[in-house]
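J.: Just need the structure, nothing else, for what follows:
(one chain, ligands or ions: 1)
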Amino acid sequence: MFFLFFNLCIGTLYSQDSHREYFQQETDYKISVSLNDSLHTLSGNISINYENNSPDTLNFIYIHLWANAYSSLETKFAKQRAQTEKDFQFSSKDERGYIVTSEFFVDSLLAQTSYHNNDKEICKLTLPSPLLPNSSINIQTSFLLKIPKLFSRLGHSDNAYYISQWYPKPAVYDRHGWHTMNYIDYGEFYSEFGSFDVEITLPENYFVAATGVLQTEEEKLRIEKRVIETLDDNFEHKMESSDNYKTIRFYQDSIHDFAWFADPRFLIRKDYVKLPTTEDYVETWIYYRPENTPFWKNANEYLNSAIWFFSSEIGHYPYSQCTAVDGSFDIGGGMEYPMITLIGNSDSKSSLERVIVHELGHNWFYGILGFNEREEPWLDEGLTSFYENKYFQWKYSSLKFNHQNLNLKLSDISKIFSPYSQEYTHHLATQYFTSRNMEQAMSLHSEEMHLINYFYLNYVKPLAVFTMLEENIGKSNFQLIMHDFYNDWAFKHPQTSDFKRHLEDEANKDLSWFFDDILEKNKKIDYKISKVKSQKDNTYKVKIKNKTGVEAPLTLDYISEDGKIIKTENLDGFKGKKGFEISPEENTHSLFVNSSFENLELDRYDNHARLKGVFKRFRSPSVNLFYSLPNINKNQIYVLPILGMNKYDALMPGIAFYNDPAIIRKVDFVFSPLYSFKTNEWNGFFDIGYNIRPQGNFWGNVRVGLNGRKYSYKFLDENREWFKLAQEVELNYKPNSKMIENQTLIRNIYLSQGVHIWNSNPTIVIDDTYIKRRNYILLNIHHKLKRHHKINPYQLDFDLLLNDKFYKTSLTYTSRHYFKRKFDFEYRIFAGYMTPHYDTYYSPGFKFQTSGISAKSSGDSDYLFDEVFFGRSETSGFWSRQMVQSEGGFKTYTPLGNSLWMSSINASVSIPRLEILRLFAGILSFDKANEQLQNNEIFLYEAGIELRLWKDALSVSVPLLISPDMKRIENLYGHKWHNRIRFVLNLKAINPFIINKKPHYIAL
Ligand SMILES: [Zn+2]
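T.: Got it, this is the predicted structure:
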């Protein structure tokens, strides 16, 4: 609903605005600022000439004060950061930052300011008199900025200063109105073009790398001296500090942001590059820390070749210099600013080159073509990643992984995963995402993306899409079109709609398959070869079917016997089926639609067919141990010897057969027979599923599956077998920016247990006086809502279990809250209700259990056989102590309380600084409690110590205090306090077959 509503709003906004002429405002800055490196503050004055080129009269101007993103734990930045990191939430006040401004003057008149919606990052400056079209004003104020510790882009790490997004900055006013935005980690910027005249006063011993060209002669000499020192391998760097201050000045026009980085330790290297087709030179500078010399020594060369490459592919670099700065932070990656980039720590020269080339490339796609990075992140990141990849293909073509050879071997792995070649790793990432149907639409605003999608949609997928576009338009034509686009839009703010219009006009093609179907509607591309028929004169009739209706261009590749591509034909997209007549060369063995790894094809397995033979689309099976890379020519099956084990079957050697667990096929399966030499029975498990992957922006993957398990257990001291068969539908929903994962699982479960029960119920007519098997069928509906968060993760579980005789329903809410980095409180609220049921011969006790699922209750509490127990029927001994916290959630085992309704609260708190050790307590009430408990009590309670050894997978609990009734039962059995010790061993949390099917959330 939200998306629909949002699209409607945007739709009307844009249609209203579509007749508006393009215009852009101009902002010319004069800033003088001084750094205090003991207080970590900047104080300064700013004067902005603001030119209103819009047709509108402006009564106010929004001004961003982004340093205030670090001023409290409630800002948008703080909240987004808490999804992935604990650091900012537990920072001290001294480590945070802020900016305060004094009064604003507009053309020397005092002007009113207020925070927009009480948001300290957005200041609304009311102009003393309206600003008419084609006129300008001067805005002045002074400011004090407290530099935060380096959490994000602006910050300091001791005396290294990373100064970005730091000065009061007018928001962009364009065809669509004002673009105010908060500062965030995952979401970038949009700023007005103009000039910057910046004076920085700071202690003499610092070196400053900045946007813009240095104007101070004395400082130029100092830097020249440093360049010479840097070249001297024996130069001893002393970390001198200085009480003397210097003022240095930088100037640049035609830019939209200004960043600077100061560090006394910087070594400096300088070089030049000549631009293609002109006589212009660009100075290239690198600033780095002495300890990173091995990687950085040759970094000028990366800048030189990248400037040359981007200039020839897109258009000339328009500034006189370009700088890369070693940021020495551990987050990896880098950040783009006009004419300067900040680079995180690298682990190799090649990865340093990749990051430098990427960030430098942003000069074209953000710096010069001033895209709105926040609203249309796919444009700047996508185009930058596309050209970054082209650069590596161009520069290292000899190292390029030859993806024309379609028979991949594991021995190719070093080439495949070489930093010089990313096609194949990107292909694997694309297949990983599309096969799980996790991706959101590429056109989304960065704040609407789930983090994992932020990376996939902005960096990986656009690369594939632009490669397809380039192939469809033709490489040289595409280059011309991009040159024109650059010339038309340099130093302006082009949008997706402008880019679309430009591409469609110049290529003379309808690109709605891309801009509408893929970008907006999130549809997938899926062609298949449906028929190959030989005709006379060595010609063939080929039929290709479009399975999804996205009219994307496609390639038809002619493949030789040894898997090489002989010829590629580019075809325009079509709907439905289309026939082609081809006359292949003699050595053509087979045909392949969309064979390229840079293609977004959803299911490539039906894209391949041989020219000759009866079964032209037959792929021979291949059996691989554990895992190997996907091979399109084969029906790959993986095998893995495994050893199952439980108390009743003892050791069970066996084998698991499965298909690709990483890139999920339309039909996925795992099948694992295990043989028990103790019972001489075949046991094991299987799971087979059909993945539907609906199109669009609501559903994630929908999987229809069938699974089963069979093992032994003990009933009345005798080993018996049980088996389970479940038909299920797993409904996943698209992930969202709130990091909330939703899943509904509907299961029809058939269970059969060997039992031995005396039939004392005359109404049940059976041949024997003993019931030998207990069979039952249950329908289970479970919905899980899970929020991934570093400070406050939570999960809500709704469960409904029913058959024709009863229903049982419950709601469980589990939440954890961190008060300190290693001090958290966790609680769980449970409430459940069920109708009575009496058929105890054919079903186990379904009642709510105080002590959750445990081995101790003869295995009956795990009546769905969902859990993994080593000794599920043990009533005494070590393995009887295994438990799964569910229902009443008590850690103490007690038969008390089991009933038709139940509600409980379980809580635990960690001992500060000792995450592993926790105190827990629980309280529970249930149906007819006062009849079961003495003294008309209505509650049971417990408290004790828990050792959490391995997150959710392994923990031990020692209940120390229990309610008198529980104690009474305990005494009845002659049990002592240490008999209460139980443990959680959640093998499901470490079962590779389960882990692999779930989406992974990368921690950043
Ligand atoms: Zn980027």
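J.: export stretch 588-608 as CSV, just CAs?
T.: Output of stretch 588-608 as CSV, limited to C-alpha atoms (Å, rounded to 0.1, in the frame of the first residue of the first chain):
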residue,chain,number,x,y,z
THR,A,588,28.5,-25.0,-34.5
HIS,A,589,27.6,-27.6,-31.9
SER,A,590,24.9,-25.7,-29.9
LEU,A,591,23.0,-22.5,-29.5
PHE,A,592,22.8,-20.4,-26.3
VAL,A,593,20.5,-17.5,-25.6
ASN,A,594,22.0,-14.7,-23.4
SER,A,595,25.1,-16.6,-22.5
SER,A,596,27.0,-13.6,-21.2
PHE,A,597,27.7,-13.5,-17.5
GLU,A,598,26.8,-9.8,-17.5
ASN,A,599,23.2,-10.7,-18.5
LEU,A,600,20.3,-10.5,-16.1
GLU,A,601,18.7,-13.8,-17.4
LEU,A,602,16.8,-15.4,-14.5
ASP,A,603,17.0,-19.0,-15.5
ARG,A,604,19.8,-19.8,-17.9
TYR,A,605,19.4,-23.6,-17.8
ASP,A,606,16.8,-23.6,-20.5
ASN,A,607,18.7,-21.3,-22.8
HIS,A,608,20.9,-23.9,-24.3
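J.: ends of stretch 432-450, how far apart?
T.: One end of stretch 432-450 sits 16 Å from the other (Cα to Cα, to the nearest Å).
J.: So for it, mean pLDDT?
T.: Across stretch 432-450, pLDDT averages out at 92.
J.: Please apply the same query to stretch 46-54.
T.: 98.
J.: Okay, strands next: where are they in the stretch 351-500 of the chain?
T.: Taking DSSP state E, counting those that start in this stretch as the criterion, the stretch 351-500 of the chain carries no strands.
J.: quick one: low-confidence parts of it?
T.: 398-421 (pLDDT under 70).
J.: measure Arg354 to Gly334 for me?
T.: 10 Å (Cβ to Cβ, to the nearest Å). For glycine as for every other residue, the C-beta is placed from the backbone atoms N, C-alpha and C.
J.: mind checking the SS state of Lys578?
T.: When classified by DSSP: H, G, I helix; E, B strand; the rest coil, Lys578 comes out as strand.
J.: who does it bridge with?
T.: Ile544 (DSSP bridges).
J.: That one: what's it in contact with?
T.: Contact analysis of Lys578 by Cβ atoms under 8 Å, 6 or more residues apart in numbering lists Lys543, Ile544, Asn546.
J.: can you list the residues you listed in a markdown table and add neighbour count and distance to Thr555?
T.: A markdown table is the format used below for the contacts of Lys578 (neighbours: other Cβ atoms under 10 Å; distance: Cβ to Cβ, whole Å):
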| residue | neighbour count | distance to Thr555 |
| --- | --- | --- |
| Lys543 | 15 | 16 |
| Ile544 | 22 | 11 |
| Asn546 | 19 | 14 |
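J.: From the residues you listed, pick the one nearest Ser925.
T.: For the contacts of Lys578, the residue nearest Ser925 by Cβ to Cβ is Asn546; the value is 60.3 Å.
J.: who are the neighbours in contact with the closest one?
T.: Per Cβ under 8 Å, 6+ apart, neighbours of Asn546: Asp526, Tyr527, Gly573, Phe574, Lys575, Gly576, Lys577, Lys578.
J.: one more time with 7 Å, if that's ok
T.: Counting by Cβ atoms under 7 Å, 6 or more residues apart in numbering, Asn546 touches Tyr527, Phe574, Lys575, Gly576.
J.: what's around the second one, how many residues?
T.: The local packing count at Phe574 equals 16, with neighbours defined by other Cβ atoms under 10 Å.
J.: Might one say that it is in contact with Val550?
T.: No: Phe574 lies out of contact with Val550 (Cβ atoms under 7 Å); the separation is 10.5 Å.
J.: Pull up the overlap in contacts between those two.
T.: With Cβ under 7 Å, 6+ apart, Phe574 and Val550 have no common neighbours.
J.: tell me the helices in the stretch 851-1000 of the chain, going along the chain?
T.: For the stretch 851-1000 of the chain, applying DSSP state H, counting those that start in this stretch gives helices covering 929-932, 964-972, 992-995.
J.: The stretch 51-200 of the chain now?
T.: Counting by DSSP H, counting those that start in this stretch, the helices of the stretch 51-200 of the chain are 76-81.
J.: Reformat the contacts of Asn546 as CSV; add distance to Ser534.
T.: What follows is the contacts of Asn546, written out as CSV (distance: Cβ to Cβ, whole Å):
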residue, distance to Ser534
Tyr527, 21
Phe574, 23
Lys575, 27
Gly576, 24
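J.: Out of those residues, grab the one that's most surrounded.
T.: Using other Cβ under 10 Å as the neighbour test, the contacts of Asn546 are led by Tyr527, with 28 neighbours.
J.: how near is it to Arg289?
T.: Counting by Cβ to Cβ, the gap from Tyr527 to Arg289 is 51 Å.
J.: Ok, Glu741 next?
T.: For Glu741, the distance to Arg289 - Cβ to Cβ - is 40 Å.
J.: Pick out whichever of these two has more residues nearby.
T.: Higher neighbour count among Glu741 and Arg289: Glu741, with 22 against 18, using other Cβ under 10 Å.
J.: can you give me the strands for the stretch 201-350 of the chain?
T.: 207-210, 213-214, 245-255, 260-263, 267-274, 281-288, 321-326, 334-337, 340-343.
J.: tell me how far the second one is from the chain's mean position?
T.: The chain centroid and the centroid of strand 213-214 are separated by 39 Å under Cα atoms, centre = their mean, to the nearest Å.
J.: Report the contact partners of Gly97.
T.: Applying Cβ under 7 Å, 6+ apart, the residues contacting Gly97 are Ala67, Tyr70, Ser71, Lys146, Ile147, Pro148.
J.: The same query, at a cut-off of 8 Å, please.
T.: By Cβ under 8 Å, 6+ apart, Gly97 lies in contact with Ala67, Tyr70, Ser71, Leu145, Lys146, Ile147, Pro148, Leu154, Gly155.
J.: Find the centremost residue of this protein, please.
T.: Residue closest to the mean C-alpha point of the chain, counted by Cα atoms, centre = their mean, is Ile452 at 1.0 Å.
J.: next SSE after the lowest-mean-pLDDT helix or strand in the chain?
T.: The weakest-scoring helix or strand in the chain, judged by mean pLDDT, DSSP states H and E, is helix 2-17 (a mean of 35). Per DSSP states H and E, the first helix or strand lying C-terminal to helix 2-17 is strand 26-36.
J.: angle of that following strand against strand 245-255?
T.: 160 degrees (axes from the mean of the first three to the mean of the last three Cα atoms, to 10 degrees).
J.: please begin residue numbering at 10 from this point
T.: Shifting the count to begin at 10 puts that one at strand 35-45.
J.: Tell me which other helices or strands strand 35-45 touches.
T.: Here strand 35-45 touches strand 50-61, strand 203-212, going by 3 or more Cβ pairs under 8 Å, 6 or more residues apart in numbering; DSSP states H and E.
J.: run the last query once more with 10 Å
T.: Here strand 35-45 touches strand 50-61, strand 144-155, strand 169-172, strand 178-179, strand 203-212, strand 254-264, strand 269-272, going by 3 or more Cβ pairs under 10 Å, 6 or more residues apart in numbering; DSSP states H and E.
J.: gap between it and the chain center?
T.: 37 Å.
J.: Quick check: buried residues in that strand?
T.: Buried residues in strand 35-45, counted by 16 or more other Cβ atoms under 10 Å: Thr36, Asp37, Tyr38, Lys39, Ile40, Ser41, Val42, Leu44.
J.: if we take these, which one ends up nearest to Lys621?
T.: Using Cβ to Cβ, Thr36 comes nearest to Lys621 of the buried residues of strand 35-45, at 68.1 Å.
J.: list the contacts for the closest one?
T.: 57-60, 70, 145, 148, 178-179, 181, 200-205, 265 (Cβ atoms under 10 Å, 6 or more residues apart in numbering).
J.: So it versus Ile790, what's the distance?
T.: 57 Å.
J.: so where's the stretch 660-809 of the chain uncertain?
T.: Applying pLDDT under 70 to the stretch 660-809 of the chain flags residues 768-778.
J.: ok, which stretches of it are helices?
T.: Using DSSP H, counting those that start in this stretch, helices in the stretch 660-809 of the chain do not occur.
J.: That concludes my questions; thank you for your assistance.
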